[in-house]
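Chemist: A structural model of the following input is requested.
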Amino acid sequence: MAEEAGGSLVAGPSLQAALDVDWDEPSAQPHALTMSLDALSAVEHWLETQPAPAEPASQVAATMTVARPVQAQDLVPTPAGTPTLRHGVAAARRMSVEEAERRHGRKSRSLRVEGYKRHVLRDVDSRLIVALGVTPANAPEASVTDALAKDWAAQQCTLREWPIDRASLASPGCTTGLRRWPFSARRGPCVRGRIVRKVPCNWMGSATHCGVPAERLSPLNPAV
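Modeler: Numbering: from 1, shown residues only. From the prediction side, this is the model:
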């Protein structure tokens, strides 16, 4: 079926062996990309024009839905109109064919994360893990708090206080009514001068005031 559809190039166990090009030649990479894209277009055209058994056709169609986005994220056209590999990483780049949610991410400028991030909620006294959440590596830290809340709620645990990372303060449980979770977060660094770029607050979910620099209290409105 692959030969009939014009996709014999990608049907073998090794695409590199099927291409059979001298990678030391400057023109090898553009030529290989063109051959691969031609095979992709041939299979796509065959799917549109030729009837095929339901099961193989559905498998090929599922593969094509992965191939085209991968092409869009990893290739860019040159001024001459030929395809070439993108320099850098595309936003929300898919990095696995088998796992659609695997992504590139960072915890900081120096610490990269590939695939997924695991978020753990640990009991301070017993050190036991009471809740766990997993997100794609590029997902914001605040996106996992609802999953953690559901996990500990299923265990019928009583949450007395949740020491939370400042990056998670944007989660719905922290912004939609400050009394939903009894959370606390370490305040940010204090910047000396007339202007404080990020107000270093000591957030207390059950409190009605926020501690700001110069040992002053700023009132909080839970409805905001």
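
Chemist: where does Glu101 fall, helix, sheet strand or coil?
Modeler: Of the three states, Glu101 takes coil under DSSP: H, G, I helix; E, B strand; the rest coil.

Chemist: start the count at 31 instead of 1 going forward.
Modeler: Sure, I'll start numbering at 31, so the last one becomes Glu131.

Chemist: next up, the contacts around it.
Modeler: Glu131 makes contact with 146, 166 under the criterion C-beta atoms under 8 Å, 6 or more residues apart in numbering. Every residue, glycine included, has its C-beta placed from N, CA and C.

Chemist: one more pass at 10 Å, please.
Modeler: 124-125, 145-146, 164-169 (C-beta atoms under 10 Å, 6 or more residues apart in numbering).

Chemist: could you pick out the buried ones from the residues you listed?
Modeler: Buried members of the contacts of Glu131, counted by 16 or more other C-beta atoms under 10 Å: 124-125, 146, 165-169.

Chemist: tell me the one among these nearest to Ala183.
Modeler: Thr165 (18.5 Å; C-beta to C-beta).

Chemist: can I assume that closest one is in contact with Ser201?
Modeler: No. Thr165 is beyond contact range of Ser201, at 11.8 Å (criterion: C-beta atoms under 10 Å).

Chemist: so how far is the host helix or strand of Arg98 off the chain centroid?
Modeler: Element membership of Arg98 [criterion: DSSP states H and E] is helix 84-104. Helix 84-104 sits 21 Å away from the centroid of its parent chain (C-alpha atoms, centre = their mean, to the nearest Å).

Chemist: residues contacting that helix, please?
Modeler: The contact list for helix 84-104 (C-beta under 10 Å, 6+ apart) reads 31-32, 35, 37, 40, 63, 66-67, 70, 73-74, 76-77, 80-83, 113, 115-116, 119-128, 130.
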